[in-house]
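Enquirer: Here's a sequence, model it:
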Amino acid sequence: MEHRPPRKRNVKVLATLGPASATRERIRALFDAGADAFRVNMSHGTADERAALIGTVRALEAETGRPMTILADLQGPKIRIGRFAGGPVRLRAGQRFRLDLDPAPGDDERVELPHAEILAALRPGHRLLLDDGRVVLKVLAVGESHAVAEVVTGGLLSDRKGLNLPDTVVPTAALTPKDREDLARALELGVDWVALSFVQRADDVAEARKLIGGRAALMAKIEKPQALAAIEEIVELADAIMVARGDLGVELPPELVPGAQKRLVAVARRAGKPVVVATQMLESMVSAPAPTRAEVSDVANAIYDGVDAVMLSAESAAGQYPVEAVAMMDAIAREVERDPAWRQQMSFAAAEPEPTTADAIGAAARTIQEVISARALVCFTRSGSTPRRVARERIPAPILVLTPMRETARRLGLVWGVHAVTTRDVSGFEEMVEKSKRMALRHRVAEGGDRLVLMAGVPFGVPGSTNVIHVARLAGDELSRRRG
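Expert: Numbering: from 1, shown residues only. Next up, the predicted model:
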């Protein structure tokens, strides 16, 4: 069994798996290059293909001895128009265009929109964005089975293009029948996180949480303007959020997306919930061996903001350079975290602790680490709640988490600065101290002479009881004695 030290960075890299990264050898290469967690996109591939990916990651987990984090990303409700009789049509700015329930193939004057509930929710003035916003319509009038719109931005429109509704609260559930099937299968296969797409309201999160029933952690994807309006309630109910800039960048004016991203990161950090930034981070590496300077800056800025994880989509799933993309993400993160300005930003943006024992312990751990320059923090946990609150402090030292719960260790793979290890629980104070020293040496987060900040709960083995903080020092000859 391997005992790998933590990555030389705190932010995590989430890599999407797909045709370019479906083999055991390629997934191992992604892990070696810096991937900390793996995303399985439930929109693509067959159920058997997705199950095979999850099985391959679990085999790698057994091979390396490292808990592997798997995120199942549900497709969500995809709204699409119908088909055209004579192939693609060109819409001209200023013309009228009708969307209706008629299943007959369309033309340059009308097309099917097979969603009566959406037609009922439209109002004059609402915008309709087709084909990722390449064609823009404005609703003029709405009837029981149709809507008449004016073409604001014209262009070529072909069969089954997607429809975004930035001004309309869509009266559909975030979970489609397909999502429910995919969710049940993903939970059977033991995924650690489930990402819920197209969240609009807190009720969407509550529904998914009820179905998951504690078998996985829940991540709300923020990709609709309606979710921004309810973000505090959504963050409270979710275990994490993802800033999904693909659809968010379609439904919001592009100049508003950077500000929305910063706001979302700040809200999640205040709440002590992990936040992932995703979509087009190194998009040019789908077909090129190196990213653009703008992409490097984009990734770096997210890390300066204090995100828990940055995500690769097509770059690692379908691109020509998946391993190189992960290695580049890893290199950018390491370089940012070597910058003194990054450390200052983390301190400046530290969240105020809430009046809870866990936050008091986390704030105290931060102060102690800064004053005595402790090399690492060691946290004993069953539920994972304490390391998440400690990570919220953005302490400039690795957080070695020791847990007897394999599921907890896996879920912590998306939490900033955490290196989780599964191990037997302790039953007493002296055992806690000795185990902390032994594991810190084994996993190379400290050496002889270093000091450690230890956190645990008394009585031991009781979830949610963290109430002890202790400083331990490794003797100068500790490493040689342990090896001997």
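Enquirer: From now on I want contacts and neighbour counts done on CA atoms only, so please keep to that.
Expert: OK.
Enquirer: Tell me which residues touch the residue nearest in space to the middle of the chain, please.
Expert: The chain has residue 276 as the residue nearest its centroid, 3.8 Å off, counting by C-alpha atoms, centre = their mean. Residue 276 sits next to 240-243, 307-311 when contact means C-alpha atoms under 8 Å, 6 or more residues apart in numbering.
Enquirer: what do you get if the cut-off is 10 Å, keeping everything else the same?
Expert: Applying C-alpha atoms under 10 Å, 6 or more residues apart in numbering to residue 276 gives the contacts 11-14, 219, 221, 240-244, 264-265, 268, 302, 307-311, 414-415.
Enquirer: do residue 40 as well
Expert: So residue 40 contacts 15-18, 50-51, 53-54, 70-74, 186, 191, 194-195, 313, 317 (C-alpha under 10 Å, 6+ apart).
Enquirer: can you pull the buried residues of stretch 100-120?
Expert: Across stretch 100-120, burial judged by 16 or more other C-alpha atoms under 10 Å covers 100-101, 106-108, 110-114, 118-120.
Enquirer: now do stretch 329-337
Expert: By 16+ other C-alpha under 10 Å, the buried positions in stretch 329-337 come out as 329-330, 332-334, 336-337.
Enquirer: so can I have JSON lines of those residues showing secondary structure, pLDDT and distance to residue 260?
Expert: Below are the buried residues of stretch 329-337 laid out as JSON lines (DSSP: H, G, I helix; E, B strand; the rest coil; pLDDT from 0 to 100; distance: C-alpha to C-alpha, whole Å):
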{"residue": "329", "secondary structure": "helix", "pLDDT": "98", "distance to residue 260": "22"}
{"residue": "330", "secondary structure": "helix", "pLDDT": "98", "distance to residue 260": "25"}
{"residue": "332", "secondary structure": "helix", "pLDDT": "98", "distance to residue 260": "23"}
{"residue": "333", "secondary structure": "helix", "pLDDT": "98", "distance to residue 260": "22"}
{"residue": "334", "secondary structure": "helix", "pLDDT": "97", "distance to residue 260": "25"}
{"residue": "336", "secondary structure": "helix", "pLDDT": "97", "distance to residue 260": "22"}
{"residue": "337", "secondary structure": "helix", "pLDDT": "96", "distance to residue 260": "23"}
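Enquirer: now, which of those residues sits nearest residue 63?
Expert: For the buried residues of stretch 329-337, the minimum distance to residue 63 (C-alpha to C-alpha) is 22.3 Å, reached by residue 330.
Enquirer: So what does the nearest residue to the closest one once chain neighbours are set aside look like in phi/psi?
Expert: Leaving aside its chain neighbours, residue 330 sits nearest to residue 34 (5.7 Å; criterion: C-alpha to C-alpha, 6 or more residues apart in numbering). As for residue 34, its main-chain torsions (degrees, to the nearest 10) stand at phi 140, psi 0.
Enquirer: ok, residue 34 - how many residues close by?
Expert: 23 (other C-alpha atoms under 10 Å).
Enquirer: quick one, what contacts it?
Expert: Residues in contact with residue 34, defined by C-alpha under 10 Å, 6+ apart, are 7-9, 12-15, 323, 325-331.
Enquirer: Just the buried residues out of the residues you listed, in ChimeraX syntax.
Expert: Burial among the contacts of residue 34 is assessed by 16+ other C-alpha under 10 Å; the matching ChimeraX selection reads:
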select :7,8,9,12,13,14,15,323,325,326,327,328,329,330
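Enquirer: sorry, back to before: just the ones in strands from the contacts of residue 40, please.
Expert: Among the contacts of residue 40, the residues falling in strands (DSSP state E) are 15-17, 70-73, 194-195.
Enquirer: which of those count as buried?
Expert: Among the ones in strands among the contacts of residue 40, those classed as buried by 16+ other C-alpha under 10 Å are 15-17, 70-73, 194-195.
Enquirer: Out of those residues, flag the one nearest to residue 441.
Expert: Taking those together and measuring to residue 441 by C-alpha to C-alpha, the closest member is residue 70, at 27.6 Å.
Enquirer: beta partners for the closest one?
Expert: residue 38 (DSSP bridges).
Enquirer: And it, what's its pLDDT?
Expert: On pLDDT, residue 70 comes in at 98.
Enquirer: contacting residues for it?
Expert: Contacts of residue 70 (C-alpha under 10 Å, 6+ apart): 14-16, 36-40, 53-54, 57-58, 186, 190-194, 410-411, 413-414.
Enquirer: For this structure, give me the ranges with low pLDDT.
Expert: Under the criterion pLDDT under 70, the flagged ranges of the chain are 1-3, 348-350, 461, 464, 477-484.
Enquirer: what's the domain layout of it?
Expert: Domain assignment for the chain, taken from automatic domain parsing, gives 12-76+174-339, 89-164, 357-483.
Enquirer: quick one: terminal-to-terminal distance for the longest one?
Expert: It stands for domain 12-76+174-339. 17 Å (C-alpha to C-alpha, to the nearest Å).
Enquirer: For residue 295, identify the helix or strand it belongs to.
Expert: According to DSSP states H and E, residue 295 maps onto helix 293-304.
Enquirer: May I see the buried residues of that helix?
Expert: Judged by neighbour count (16+ other C-alpha under 10 Å), helix 293-304 contains these buried residues: 295-296, 298-304.
Enquirer: Could you do stretch 149-161 as well?
Expert: 149-155, 157-160.
Enquirer: Show the end-to-end separation of that stretch, please.
Expert: End residues of stretch 149-161 are separated by 17 Å (C-alpha to C-alpha).
Enquirer: distance between it and the chain's centre?
Expert: With C-alpha atoms, centre = their mean, to the nearest Å as the basis, stretch 149-161 stands 32 Å off its chain's centre.
Enquirer: Over to stretch 258-265?
Expert: 15 Å.
Enquirer: What about the closest residue in space to residue 407 that isn't next to it in sequence, how many residues nearby?
Expert: Leaving aside its sequence neighbours, residue 407 sits nearest to residue 192 (C-alpha to C-alpha, 6+ apart; 7.0 Å). Other residues lying near residue 192 total 23 when counted by other C-alpha under 10 Å.
Enquirer: swap in the one 10 residues further on?
Expert: Residue 202 has 19 neighbours, counted by other C-alpha under 10 Å.
Enquirer: Contacts only, for it.
Expert: Residues near residue 202 by C-alpha under 10 Å, 6+ apart: 220, 227, 230-238.
Enquirer: Secondary structure class of residue 141, three-state.
Expert: When classified by DSSP: H, G, I helix; E, B strand; the rest coil, residue 141 comes out as strand.
Enquirer: That one: what's it in contact with?
Expert: Residue 141 makes contacts with 98, 122-126, 147-150, as judged by C-alpha under 10 Å, 6+ apart.
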